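Peer 1: dropping the sequence and predicted coords here.
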Amino acid sequence: MLRAHTVEEVRAAEAALMATVPEGTLMQRAAYGLANAVLDLLGGGYGRRVLLLVGPGHNGGDALYAGAVLARRGALVEAWLLSTTVHEAGLAALRTAGGRVGTPRAAVRFDVVVDGIVGIGGRPGLRDGAVEALAAAAGIPVVAVDTPSGVDVDSGATPGEHVEADLTVTFGTHKACHLLDPAALACGAVDLVDIGLDPFLPPAAIEALQPEDVAAMLSLPDPDGHKYTRGVVGIRAGSDAYPGAGLLSVAGAACGLAGMVRYDGDESVLDLVRAAHPEVVGPGRVQAWVVGSGSAAAAEPALRDALADDVPVVVDADALAFADLARGRDAVLTPHAGELSRMLGVDREEIEAEPLAHARAAADRYDAVVLLKGRHTVVARPGGRVRVTTTGTPWLATAGAGDVLGGLVGALLATGLDPFDAASVGSWLHGAAATLASQDGPIVAGDVAAALPDLIASLTAP
Ligand SMILES: NC(=O)C1=CN([C@@H]2O[C@H](COP(=O)(O)OP(=O)(O)OC[C@H]3O[C@@H](n4cnc5c(N)ncnc54)[C@H](OP(=O)(O)O)[C@@H]3O)[C@@H](O)[C@H]2O)[C@@H](O)CC1
Ligand SMILES: [K+]
């Protein structure tokens, strides 16, 4: 499991660890990890030209010590000091190693820029000197130290100017800004350097599932099981006007994880569903319902009926307008930013600017699990625990992909996963299946569903 901690938690853990090691140890560990990442990026040190942007705190200190390591490896290292005070010992180390201090100037030629302006001690936004220095170094690959300077570390928001990194090298644990958009977009690739913080960190409120976590949560068929013990998922989606929504929800549900899929909707849609998925049966008892996509006016009665069965429910698309009915129930609400905007009465732009805060607010408001769709989907449960999905591909922004996701989450609920696990595992699988399906080019939603069995096989292979 990948975990993200708050600045406060990192500081407390750092203090506890520092009490057990000689002074300066952590900064040296961070600096060596950072220098190695830069060497990997540049394919070596000798003759490479490295620019350090150095702010007033320890983040700048990391950059200076890493610059010293790089200078000893033959790199030509220049530091631009963006504050009247900088980490003096780090600066002395850089000078001793042969690095120099320069001044911001246009048309500079460097192979990489190391952003040591601010890290976890920074406030959002950039100050004048930093903006000018970044403009002078525009077009050069950027490695951010710990966090891209200017982002809001704990919320993942980017309310002001900030660095756009190609690689972010962070220390000890991830922070929210590494996982949550829009800040995660500014991180580029993220490398975690182990500095020994783990034993001192508390459980994290924010997680990102990894393949082994997902594999451990998938329930494989018991040798003596039958289709009913494996779970039955029911689909109440699609209509005469929107049959595709029903078909694609069924396609997601029919990934093979549940023992049976039922379709409960318009006869005309059922005929299409049966033609595409002959194994699907009509209405009856289920262990989980998926309600709402393409249902139009039928969404409200469909949701009431589903809730009356007292089984977990995926509340999707048209049914989200009636999400109050699902308050406090075993439910997964699956809005995109536009739908959540209507549910919370908040502008869509505000939701996109802070998906973490709004997914959490919605989970508390509806007392249910909320899956807020996006490039990095956020799954929040009441009380603040969150899982962020980092699988996926831009190709996944395609019509009907949400229907497949709803069906898939329903199937996982039917196998007995709780709503938080079903939503986060479903979202992870959905993104990974899209990546698998898009290896040869563009995809449509049905391709994502079709890739699920191969993906599940690769995850669960002994
Ligand atoms: N924790 C760990 O485990 C380890 C941490 N390590 C490293 O330490 C880093 C944290 O260092 P830190 O605490 O010195 O804070 P840091 O981010 O350098 O900046 C704070 C200073 O910046 C200023 N400032 C604020 N906002 C600003 C802005 N927008 N633009 C410009 N300036 C701004 C503010 O001053 P003021 O606002 O008063 O002017 C303040 O003085 C961490 O990210 C990691 O790299 C590793 O070495 C080892 C393990
Ligand atoms: K930084």
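Peer 2: Received it, and whenever you're ready, just let me know what you need. Just so we're clear, the structure is a prediction, and the values are computed from it rather than from any experiment. Residues are numbered from 1 along each chain as shown. Ligands and ions are numbered 1, 2, ... in the order given.
Peer 1: what's the helix or strand for the residue nearest to residue 446 when sequence neighbours are not counted?
Peer 2: Nearest residue to residue 446 in three dimensions, chain neighbours excluded: residue 251, at 5.9 Å (Cβ to Cβ, 6 or more residues apart in numbering). Placement of C-beta: from N, CA and C, glycine included. With secondary structure defined by DSSP states H and E, residue 251 is part of helix 243-253.
Peer 1: where along the stretch 101-250 of the chain do the helices fall?
Peer 2: Counting by DSSP state H, counting those that start in this stretch, the stretch 101-250 of the chain has helices at residues 128-136, 176-179, 183-187, 211-217, 243-253.
Peer 1: list the buried residues of the second one.
Peer 2: It stands for helix 176-179. 176, 177, 178, 179 (16 or more other Cβ atoms under 10 Å).
Peer 1: does the second one really touch residue 150, like I thought?
Peer 2: Spelled out, that is residue 177. No. Counting by Cβ atoms under 8 Å, residue 177 sits too far from residue 150 to count as a contact (10.2 Å).
Peer 1: spell out which residues of this structure are next to ligand 2.
Peer 2: Contact residues, the chain versus ligand 2 (Cβ under 5 Å from the ion): 115, 119, 144, 145, 149.
Peer 1: show me those residues that map onto strands.
Peer 2: Of the positions in the residues of the chain next to ligand 2, 115, 144, 145 sit in strands, assigned by DSSP state E.
Peer 1: got a list of what the first one touches?
Peer 2: The neighbourhood of residue 115, defined by Cβ atoms under 8 Å, 6 or more residues apart in numbering, consists of 53, 63, 142, 143, 144, 145, 148, 149, 163, 165.
Peer 1: show me the shaky parts of the stretch 151-300 of the chain.
Peer 2: Across the stretch 151-300 of the chain, not a single residue meets the criterion (pLDDT under 70).
Peer 1: which residues in it form strands?
Peer 2: With DSSP state E, counting those that start in this stretch, the ranges of strands along the stretch 151-300 of the chain come out as 167-171, 189-193, 206-208, 232-236, 260-263, 288-291.
Peer 1: and among those strands, the most buried is which?
Peer 2: Of all these, strand 288-291 carries the top mean neighbour count, a mean of 32, counting by mean count of other Cβ atoms under 10 Å.
Peer 1: tell me which strands that strand pairs with, and in which orientation.
Peer 2: strand 232-236 (parallel), strand 313-315 (parallel) (DSSP bridges).
Peer 1: relative to the whole chain's centre, how far out is the first one?
Peer 2: By that I understand strand 232-236. Strand 232-236 sits 28 Å away from the centroid of its parent chain (Cα atoms, centre = their mean, to the nearest Å).
Peer 1: okay, the angle between it and helix 243-253?
Peer 2: If you take axes from the mean of the first three to the mean of the last three Cα atoms, to 10 degrees, strand 232-236 sits at 170 degrees to helix 243-253.
Peer 1: residue 438: which of the ones in strands among the residues of the chain next to ligand 2 is nearest?
Peer 2: Within those, the smallest distance to residue 438 is 28.2 Å, found for residue 144 (Cβ to Cβ).
Peer 1: now the closest one. Nearest residue, chain neighbours left out?
Peer 2: The nearest residue in space to residue 144 (Cβ to Cβ, 6+ apart) is residue 165, at 3.8 Å.
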